[in-house]
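Asks: give me a 3D structure for the following:
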Amino acid sequence: MPETIAGIEIPDTELVRQATELVRAAADDTLFHHSRRVFLWGSLKAAARGLEVDPQLAYVGALFHDLGLTDTHRTRDRRFEIDGAEVAEAFLLDHGTSPADARAVWLGIALHTTPEVPLHLAPEVAVVTLGVETDVLGLDLHEITDEQRAQVVAAHPRPDFKNRILRAFHNGMADRPDTTFGTMNDDVLAHFDPSFHRTDFVEIIRGSAWPE
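Replies: Numbers count the residues shown, from 1 in each chain. As a prediction, the model looks like this:
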């Protein structure tokens, strides 16, 4: 019988079971429970906003969105969001998902730290950002009832989550600081490392190879 949390049914498919196993093997408790909550929050908010989302695609997007922070799936030369997006797209294609649907999940993961833009794209893209903004930033919590919130957190607890997720972000990006340019991720590196030097967009323009 499918698992249901706060009225959201976890898709009962082999693809979803394998996705869960893959992420559970790679992620620690903080990232795993966070990713499951992202699916649940995103699904609840999508429903509240009248968005029709493919639940299986939403699940993979949510579960894989932080895989680029894990030792198993991270690289050292590109944004962690792209690492997770690449793993998700390959996983979905290997399981017979259409290229268009797999690409929508890629976009949902790759753009989940880019404010506003995902919300103007397909629901399968937007749902990841909706879930992340809820769990990490606490945005628009009024769209989720107290009962729904309690049921989700009972199923997937968030002990000391604010500090633990910040540490996870830092640990996953500290050795590739250049990949944080132009994103909010450089705020995390600056918080943990006072010697971190941010790349300055204005100085790039002023120092470009174009002559005056």
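
Asks: quick one: contacts of the helix or strand containing Ala168?
Replies: Here Ala168, judged by DSSP states H and E, is contained in helix 161-173. The contact list for helix 161-173 (CB atoms under 8 Å, 6 or more residues apart in numbering) reads 28, 30-31, 34, 66, 68-70, 74, 80, 135-136, 179-180, 185, 188-189, 191-192. C-betas here are computed from N, CA, C, even on glycine.

Asks: list the buried ones in that helix?
Replies: Neighbour-count burial for helix 161-173 flags 161, 164-165, 168-170, 172-173 (criterion: 16 or more other CB atoms under 10 Å).

Asks: packing partners for whichever helix or strand comes after that helix?
Replies: As assigned by DSSP H and E, the chain's next helix or strand after helix 161-173 is helix 185-192. Judged by 3 or more CB pairs under 8 Å, 6 or more residues apart in numbering; DSSP states H and E, helix 185-192 is in contact with helix 161-173.

Asks: now do the helix holding Ala168, average pLDDT.
Replies: The average pLDDT within helix 161-173 is 98.

Asks: make residue 1 into 56 and carry on from there
Replies: Renumbered: residue one is now 56, and that last one reads helix 216-228.

Asks: so that helix versus helix 240-247, what angle?
Replies: Angle of helix 216-228 versus helix 240-247, following axes from the mean of the first three to the mean of the last three CA atoms, to 10 degrees, is 100 degrees.

Asks: Thr75 contacts Leu118, doesn't it?
Replies: Yes. Between Thr75 and Leu118 a contact is recorded at 6.7 Å, counting by CB atoms under 8 Å.

Asks: tell me which of these two has more neighbours.
Replies: Remark: of Thr75 and Leu118, Leu118 carries more neighbours, 27 against 17, as counted by other CB atoms under 10 Å.

Asks: check which helix or strand covers the more buried one.
Replies: helix 110-119.

Asks: what is the helix or strand just after that helix packed up against?
Replies: Scanning forward in sequence from helix 110-119 by DSSP H and E, the next helix or strand is helix 135-149. For helix 135-149, the packing partners by 3+ CB pairs under 8 Å, 6+ apart come out as helix 69-81, helix 110-119, helix 154-165.

Asks: hey, C-alpha coordinates of helix 135-149 in CSV?
Replies: Output of helix 135-149 as CSV, limited to C-alpha atoms (Å, rounded to 0.1, in the frame of the first residue of the first chain):
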residue,chain,number,x,y,z
PHE,A,135,26.7,21.2,-6.9
GLU,A,136,23.3,21.8,-8.4
ILE,A,137,24.5,20.6,-11.8
ASP,A,138,26.1,17.5,-10.2
GLY,A,139,22.7,16.5,-8.8
ALA,A,140,20.9,17.4,-12.0
GLU,A,141,23.2,15.3,-14.1
VAL,A,142,22.7,12.2,-11.9
ALA,A,143,18.9,12.6,-11.9
GLU,A,144,18.7,13.0,-15.7
ALA,A,145,20.8,10.0,-16.3
PHE,A,146,18.8,8.0,-13.8
LEU,A,147,15.5,8.9,-15.4
LEU,A,148,16.7,8.2,-18.9
ASP,A,149,18.0,4.8,-17.8
